[in-house]
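[1] Sequence plus the predicted model coming up.
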Protein chains: 2
Amino acid sequence: MYQEKWKPDPTSSVPLFQQIFQFIKEKIRHGDWTVGTKLPAQRELAREFGVNRSTVVAALEELKAEGLIEGKYGAGTRVSSQTWQTLSPPPPDWNTYVQQGVHHPNLRTIQEINKAEFYPNTVRLGTGELAPELLPIQQIRELFKHAPQKLDLGYEDPRGNRQLREEIQAHVRQRGILTSTSSILIVSGALQALQLIALGLLARDSTILLERASYLQSVHVFRSAGMKLCGIPLDEQGIMPSALNKLKQLHQAAMLYVNPSFHNPTGIVSGEKRRSEILEVCQQMMLPIVEDDTYADLWLAEPSPAALKAIDTQGLVLYLGSMSKALSAGLRIGWVIGPEPVIERLADIKMQMDYGSSSLSQWVVTQFLSSSLYKQQLTYVREQLRMRREKALEALEHYFEKIATWNIPQGGFYIWLQIKGSVPMRQVFEKALKEGVLINPGYLYDRYDNTHIRLSYAYAAPLELENGLAILAKVIKEFSK
Amino acid sequence: MYQEKWKPDPTSSVPLFQQIFQFIKEKIRHGDWTVGTKLPAQRELAREFGVNRSTVVAALEELKAEGLIEGKYGAGTRVSSQTWQTLSPPPPDWNTYVQQGVHHPNLRTIQEINKAEFYPNTVRLGTGELAPELLPIQQIRELFKHAPQKLDLGYEDPRGNRQLREEIQAHVRQRGILTSTSSILIVSGALQALQLIALGLLARDSTILLERASYLQSVHVFRSAGMKLCGIPLDEQGIMPSALNKLKQLHQAAMLYVNPSFHNPTGIVSGEKRRSEILEVCQQMMLPIVEDDTYADLWLAEPSPAALKAIDTQGLVLYLGSMSKALSAGLRIGWVIGPEPVIERLADIKMQMDYGSSSLSQWVVTQFLSSSLYKQQLTYVREQLRMRREKALEALEHYFEKIATWNIPQGGFYIWLQIKGSVPMRQVFEKALKEGVLINPGYLYDRYDNTHIRLSYAYAAPLELENGLAILAKVIKEFSK
């Protein structure tokens, strides 16, 4: 019930603890809080209701007395399974439903990050999106002033808005990719593309190869569909072709997921030669590739080499692009480019999952790509990111010189900070959050990793970034002792 | 490759058939058309390229001669599996990938409908969305003129934009539902809610009870997750409680999906008494309910009785609402309301599937609900739908009096037309489509049905509607003979 709006009324003649007791009782009675629901901590409840902790304690005592909640020391307070004696007939056992669903829950740390991002006054050092002040809100407002009378807001073609696909066709030519509009599918962000691939193209027990570390480890798209992930070691050029070859054969892998340009989280850019090698190995093994190119437009010094898809002459590569990183994550627009039968299959599933992406968002992206707006946004964002990257690097040199090493990213959002020696990373995460600093620990991207932190210079304001890094360095030093 | 943009250049010195030959060869060489891809029919190719059929035949002959395609009479022409001898090394076998994916493909008729909806000059008699001219484009443009500087376009809270959830909380009070913002999850349309429920709350071999017929039969959300659907017979009040009881026990069903207000496709409205009975049976059996209330706002005479969720005091009901039917399907905004642990679980999966719905769409819906705009839209849409319903009923009386019976819908979009005697419905569908009329056959909603057609008066313009119905009547009469 985080961010609940209700608060007890201090001017009422009913005591505050009684009001809270009644409020929670209603929640339980109406089934908003079902049997087994864990109540927030007393401290949290007190903050949310704007009362003293002792008032919360009094309310909880009443609830216990009525048999509505039960508390085991250390395990927190839960809605009592005896509730059905108090409120008959018994409610359905939702907790069993929640547990038996086939999709895996998010990693605990990710769940905590997803929530903590909405705490006020938290410095977000790991967030993989542009700061709100870098988004082109003003330009979007302008666009709508001149929106046509016939703006199409019905359900779209299964592959997405045709005009947008034409713009994307032109857009990816800069990455060296020649394709046709019928080979393009509009999706609600690259993550949805992965979901469609998992459900549309792979048998349940397939193995997916990916970089070790990889963004893909932090979500359960493939694992929830019954698939295994197998990490390939990286050198400074990205995945090592020899290891790729060996692991593909060892695991009979069905697909390779790779992010060769400004890799999330390490920032690595694979060079031209390495790209050819990867492609060649995959061609020989007939191993399809999912190429995640979502950070391609965010180069800071020079563009990365042509996409794998550009040098692929066999339809081996499914190419993923996105507007989330350079334009706006909130639009939820990305795309997949691949062989037509594959695109047709993915479009067919998308129609069964959400009937297509927001027409409004598709229209906005079309306008950005078909005018100079997107180019202007890129110029602006690159300039801002360069400045923020410098600030971050300065702060690192100041606060982390003795305790960590790091790369200097040539594009994208991330610095892959490596702590010298090992630290209890989960505890660092918790302690930093207590001090108002939210980080993305490396174990989200490689579960055996205990030395890295993914830093992002895209979100926090420069001053926040510096303060946040100072606090983080202090926390790490505490745990290193 | 439907709706391909490329056309041969008639002013070129290269013969048209040669140009087409080269174009298709490139498609095969680049892996856009992989081994086994079925080529469109000659007639279709000729239309798309704007050439005579004989030109297409000549191009295909060349491709055959080079071993790039192979044709079996009656089975169509496909990209040859010998291609790898022509173009080495061999491309990956994408068709196997397409076939082994766990998600079911759409029903063939649905696939055809999804495509045919984008053919020009087709009268769409079955389409379940508002006609483009009924969408509030002008109002949306106006809104953006006054959009705030701080329009939030980043990733949203896992449950969706907070302000929108507050508006929805107020909005559903009209349906008798009292809830809190933390019990509401914003989704990309009600279909996505079903996807989240399938993946988040149910074991693989669960059985879902639903109306027979049901919209849910036309998508594979639950079946693709390994679940079974079991239809409950309907009377004029909706699902029959006695049958519900029996079938739940027989199948150990895990959930009931029900659409008690302006049911899709039959138009049935369950009365107050029936609603209580359904809820009571489910309470006694501890059977959770998914209540699909997406047509609730589109009453034409009077609102339907309070939602099941409104009379549910135990958190038995997951309630689905949507903006797709009355405001705009292209926005892709719907919601689920349910017990907090359930909502938290579904939000967690949504974050792994698409990171939330379009912020732009969420903002627009918030503006509509927080002002008088949504109410105005409803008034306008209801008036238009009443008028269109009358036109449809007049045309039915004129053309179908002797060959069919039908209901007079009190809300929603649909007339459930029952043909007297049985007709080969699939052939009726094909023949009507050839004559430019697109229908939704009843077997999409109940696979054993061979007598119904779902008509929608929401999409086709009144004159089109009449012409379309005249053609449909003619086609049906041909097959009835």
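    Done, it's in.
[2] The stretch 51-200 of chain A: helices as residue ranges?
    A:53-65, A:83-86, A:94-100, A:108-116, A:137-145, A:162-171, A:190-201 (DSSP state H, counting those that start in this stretch).
[3] average pLDDT across the second one?
    Pointing back at helix A:83-86 there. For helix A:83-86, mean pLDDT is 55.
[4] do stretch A:109-127 as well
    90.
[5] do that stretch and chain B meet?
    Yes. Looking at stretch A:109-127 against chain B by C-beta under 8 Å from any C-beta of the partner chain, the contacts come from A:Ile110, A:Gln111, A:Asn114, A:Lys115, A:Glu117, A:Phe118. To be clear about C-beta, it is placed using only N, CA and C from the backbone, and glycine gets the same treatment.
[6] what separates the helix ranked longest in chain A from the chain centre, distance-wise?
    Using DSSP state H to define each element, chain A has its longest helix at helix A:373-400. Centroid displacement of helix A:373-400 relative to its chain, using C-alpha atoms, centre = their mean, to the nearest Å, is 21 Å.
[7] counting contacts, what elements does that helix pack onto?
    helix A:137-145, helix A:359-370, strand A:414-419, helix A:462-480 (3 or more C-beta pairs under 8 Å, 6 or more residues apart in numbering or on different chains; DSSP states H and E).
[8] So which bits of it are buried?
    Buried residues in helix A:373-400, counted by 16 or more other C-beta atoms under 10 Å in any protein chain shown: A:373-374, A:377, A:381-382, A:384-385, A:388-389, A:391-392, A:395-396, A:399-400.
[9] Now stretch A:233-246 - C-alpha only, PDB.
    Provided in PDB are the C-alpha atoms of stretch A:233-246 (Å, rounded to 0.1, in the frame of the first residue of the first chain):
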ATOM      1  CA  PRO A 233      33.100 -14.100 -21.100                       C
ATOM      2  CA  LEU A 234      34.000 -10.700 -22.500                       C
ATOM      3  CA  ASP A 235      37.300  -9.100 -23.300                       C
ATOM      4  CA  GLU A 236      37.700  -5.400 -24.100                       C
ATOM      5  CA  GLN A 237      36.100  -6.000 -27.600                       C
ATOM      6  CA  GLY A 238      33.000  -7.800 -26.300                       C
ATOM      7  CA  ILE A 239      32.100 -11.500 -26.500                       C
ATOM      8  CA  MET A 240      35.000 -13.800 -27.300                       C
ATOM      9  CA  PRO A 241      34.300 -15.800 -30.500                       C
ATOM     10  CA  SER A 242      36.100 -18.900 -29.300                       C
ATOM     11  CA  ALA A 243      34.100 -19.000 -26.200                       C
ATOM     12  CA  LEU A 244      30.900 -18.400 -28.200                       C
ATOM     13  CA  ASN A 245      31.800 -21.400 -30.400                       C
ATOM     14  CA  LYS A 246      32.500 -23.700 -27.400                       C
END
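[10] what's next to it, contact-wise?
    A:209, A:211-213, A:232, A:256, A:258, A:260, A:263, A:266, A:268-271, A:273-274, A:277-278, A:280-282, A:285 (C-beta atoms under 8 Å, 6 or more residues apart in numbering or on different chains).
[11] For ChimeraX, write a command that selects the buried ones of the residues you listed.
    Filtering the contacts of stretch A:233-246 down to the buried ones (16+ other C-beta under 10 Å) takes a single ChimeraX command:
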select /A:209,211,212,213,232,256,258,260,263,266,268,269,270,274,277,278,281,282
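[12] Restricted to strands, list the contacts of stretch A:233-246.
    A:Leu209, A:Glu211, A:Arg212, A:Ile232, A:Leu256, A:Val258 (DSSP state E).
[13] just how off-centre is stretch A:431-443 within its chain?
    16 Å.
[14] now do stretch A:219-239
    15 Å.
[15] circling back: are any of the residues of stretch A:109-127 next to chain B buried, and which?
    Buried, going by 16+ other C-beta under 10 Å: A:Ile110, A:Gln111, A:Asn114, A:Glu117, out of the residues of stretch A:109-127 next to chain B.
[16] Look at the nearest residue to the second one once chain neighbours are set aside and tell me its secondary structure.
    Excluding the flanking residues, the one nearest A:Gln111 by C-beta to C-beta, 6 or more residues apart in numbering or on different chains is B:Asp348, at 6.3 Å. B:Asp348 carries the three-state label helix when classified by DSSP: H, G, I helix; E, B strand; the rest coil.
[17] can I assume B:Asp348 is in contact with A:Pro105?
    Yes. B:Asp348 lies in contact with A:Pro105 (C-beta atoms under 8 Å); the separation is 5.5 Å.
[18] So which of the two has more stuff around it?
    Between B:Asp348 and A:Pro105, B:Asp348 has the larger neighbour count (other C-beta atoms under 10 Å in any protein chain shown), namely 22 against 18.
[19] For that one, list the residues it contacts.
    B:Asp348 neighbours (C-beta under 8 Å, 6+ apart): A:Pro105, A:Asn106, A:Gln111, A:Asn114, B:Pro158, B:Gly200.
[20] For A:Val342, state which of the residues you listed is nearest.
    The shortest approach to A:Val342 among the contacts of B:Asp348 belongs to B:Gly200, at 27.1 Å (C-beta to C-beta).
[21] Against A:Leu60, how distant is the closest residue to A:Trp94 other than its chain neighbours?
    Distances taken as C-beta to C-beta, 6+ apart put A:Thr34 closest to A:Trp94, at 4.4 Å, once the chain neighbours are dropped. According to C-beta to C-beta, to the nearest Å, A:Thr34 stands 18 Å off from A:Leu60.
[22] higher neighbour count, these two?
    A:Thr34 (25 against 21).
[23] tell me the pLDDT at the more buried one?
    pLDDT recorded at A:Thr34 is 77.
[24] Hmm, B:Gly338 and it touching each other?
    No. Contact criterion C-beta under 8 Å: A:Thr34 and B:Gly338 do not qualify, at 9.3 Å.
[25] between the two, what contacts are shared?
    With C-beta under 8 Å, 6+ apart, A:Thr34 and B:Gly338 have common neighbours B:Gly315.
[26] Residue of the stretch 1-150 of chain A closest to chain B, please.
    The minimum distance from the stretch 1-150 of chain A to chain B, using C-beta to the nearest C-beta, falls at A:Gly31 (1.7 Å).
[27] got the contact list for the closest residue to that residue other than its chain neighbours?
    Leaving out its chain neighbours, the residue that sits closest to A:Gly31 by C-beta to C-beta, 6+ apart is B:Gly315, at 1.7 Å. Counting by C-beta under 8 Å, 6+ apart, B:Gly315 touches A:His30, A:Gly31, A:Asp32, A:Thr34, A:Pro91, A:Pro92, A:Trp94, B:Gly338, B:Pro339.
[28] Among those residues, which ones are in strands?
    Among the contacts of B:Gly315, no member lies in strands (by DSSP E).
[29] circling back: as CSV, the contacts of B:Asp348 with distance to A:Gln138 would be great.
    What follows is those, written out as CSV (distance: C-beta to C-beta, whole Å):
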residue, distance to A:Gln138
A:Pro105, 39
A:Asn106, 34
A:Gln111, 34
A:Asn114, 29
B:Pro158, 28
B:Gly200, 38
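[30] Which of these sits closest to A:Lys248?
    A:Asn106 (28.6 Å).
[31] so that closest one touches A:Asn114, yeah?
    Yes. Applying C-beta under 8 Å, one finds A:Asn106 in contact with A:Asn114, separated by 7.1 Å.
[32] who are the neighbours in contact with A:Leu472?
    A:Leu125, A:Tyr399, A:Ala432, A:Val437, A:Ile439, A:Ile453.
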